[in-house]
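Peer 1: Build me a model:
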Amino acid sequence: MPFDLKYFSCVLLVSIVLFSCSKNTGPLAIFNKLSPHDAYGQRLKDAGLDKTAMGSAWIQKGQASITNALNVSIPYKETGYFSAEKIPSATLRFDVKRGQKLHITLSKRPLLNFAIYMDLLEEISSTEQKLIASADTTGATLDHEVKQNGKYILRLQPELLRSGEYTLTITSGPSLSFPVSSTGKPNVGSFWGDGRDNGGRKHEGIDIFAPKRTPAIAAADGVVTSVSTNELGGLVVFMRPTDRDYTLYYAHLDQQLAQNGQTVHIGDTLGLVGNTGNARSTPSHLHFGIYTNGGAIDPYPFVNRTVQSPKAITASLQLLNATARTTSKTNRLYIEPDKDAHIRQTLPVSTVLNIIAATEGWYKATLPDGTQGYINSRDVNTTSTLRKLNLKQQQALLDAPDSLNAARKTLLVIGDQVNIKGSFRNYYLVTDQYDNTGWIEVH
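Peer 2: The predicted structure is shown next:
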């Protein structure tokens, strides 16, 4: 029996209402607080909709999309379209550094009756991910302090039977305040890993240069754990930020103003910038370090004040959710939106693809076989008619370019004229005289 979208929509709505008296239901909720995404999936199962084609596809797509995430670099921005008929999901992978604070925002149209679930996962291995944070679009912002260097994955997936446009923005900034007062116009002049003592050791911090006696200030709320003197650092202060698993180190101070055991707040003065210890022959500066149980770590991502904005989207949004085709002789589908990135496929001219999102001057696109990647927007155009073809033999009009697994939409007979819109492998995408669109084999 053919699938009835309106009937499924009514069944889905009634079933979800009946099984949503409790936000988290089902056996998993007994042991775990489910994310909004997983709670919705659980409601589908409770309603028995995981046995339907669409319900099962939604659940499977959510997991499969994580494995097939596309690579991007932060800052990143994309505008895309989720089509209900395609049961979509958008998943991105990006590198992060410990100490960064991710800021993720998602806007959508329409505002009402179009929920998008947003999940942030840490990639443990190629087959294992850990859920870090989640939201739905009633709270369309995620802020997360990165706990260790690595790769994160962001998944967006709308509810079933909901279509709409979205704009996603991912930026990163510091998780701590800057440790030297802006009155001294401080600047970082030496970084983590720089050589010291003629290459005998590596710099385990950053040096922030400022005029002598500029206030060195608390970069977080916390408690001063030590006010002391040592040979390398001179006059130093250690403080432990609240609810963090590391200690901040302020060295080469001209004067210590904090007291051991003192509770401090962001911006409180801990001491004055100087050049004590082994910095006597250098301009005044604060050596700022961060120490964990495993030793020193790079503090720069924690305090780097440069927050880059993503580049503007210049690719036309008119092609979102459109079937398009390649236009140049050599079209490259990349694994990420960067001409120096790995090329996933080289596509012949007139190859058909579906445009699902735009970022900078790129389109995120899907080929008819499900392969995703990025293509330069200059290499893509609409599927206007390339030429007309009079059929010399009877042919099936298929719903996919796959004679073994695709369904037949109609039967075209000898003499029928079709409009060729594009191609994929040994198939043409065509429309017939009744405006039916489908695929025929190339003979």
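
Peer 1: use CA for all of it now, contacts and neighbours both
Peer 2: Will do.

Peer 1: Helices along the chain, start to end?
Peer 2: 5-18, 27-31, 36-46, 53-67, 300-303 (DSSP state H).

Peer 1: now the first one: mean pLDDT?
Peer 2: If I follow you right, that is helix 5-18. If you average the pLDDT over helix 5-18, you get 47.

Peer 1: Test my guess that Ala57 contacts Lys86.
Peer 2: No - Ala57 lies out of contact with Lys86 (CA atoms under 8 Å); the separation is 9.7 Å.

Peer 1: Those two: who's more crowded?
Peer 2: Counted by other CA atoms under 10 Å, Ala57 and Lys86 do not tie: Ala57 has more neighbours, with 16 against 13.

Peer 1: for the nearest residue to the more buried one once chain neighbours are set aside, what are its contacts?
Peer 2: Nearest residue to Ala57, sequence neighbours excluded (CA to CA, 6 or more residues apart in numbering): Ile87, at 7.2 Å. Contacts were defined as CA atoms under 8 Å, 6 or more residues apart in numbering; by that measure Ile87 touches Met54, Ala57, Trp58, Lys61, Leu160, Leu161.

Peer 1: any idea how far the residue lying closest to Arg408 once chain neighbours are set aside lies from Phe424?
Peer 2: In this structure, Arg408 finds its nearest non-sequential neighbour in Leu398, 4.6 Å apart by CA to CA, 6+ apart. Counting by CA to CA, to the nearest Å, the gap from Leu398 to Phe424 is 13 Å.

Peer 1: Mean pLDDT lowest where, among the helices of the chain?
Peer 2: helix 27-31 (a mean of 37).

Peer 1: Excluding its own residues, what touches stretch 165-179? List them.
Peer 2: Against stretch 165-179 from outside (CA under 8 Å, 6+ apart): 74-82, 99-110, 145, 216-220, 266-267, 288, 301-310.

Peer 1: Would you mind checking those residues for buried ones?
Peer 2: Buried subset of the contacts of stretch 165-179 (neighbour count, 16 or more other CA atoms under 10 Å): 74-82, 99-108, 145, 216-220, 266-267, 288, 301-304, 310.

Peer 1: How much space separates the residue nearest to Arg408 from Thr431?
Peer 2: 11 Å.

Peer 1: same thing with Leu70?
Peer 2: 32 Å.

Peer 1: do the same with Leu386
Peer 2: For Leu386, the distance to Thr431 - CA to CA - is 11 Å.

Peer 1: any common contacting residues for these two?
Peer 2: With CA under 8 Å, 6+ apart, Leu386 and Thr431 have common neighbours Asn419, Ile420, Lys421.

Peer 1: Most neighbours among these, which one?
Peer 2: Lys421 (25 neighbours).

Peer 1: if I read this right, that residue contacts Ser384, doesn't it?
Peer 2: Yes - Lys421 is within contact range of Ser384, at 6.0 Å (criterion: CA under 8 Å).

Peer 1: Hmm, Thr382 and Leu319 touching each other?
Peer 2: Yes - judged on CA under 8 Å, Leu319 makes contact with Thr382 at a distance of 7.5 Å.

Peer 1: these two touch, right, Asp268 and Gly222?
Peer 2: No - in this structure Asp268 lies outside contact range of Gly222 using CA under 8 Å: 10.5 Å.

Peer 1: Perfect, I'm done here.
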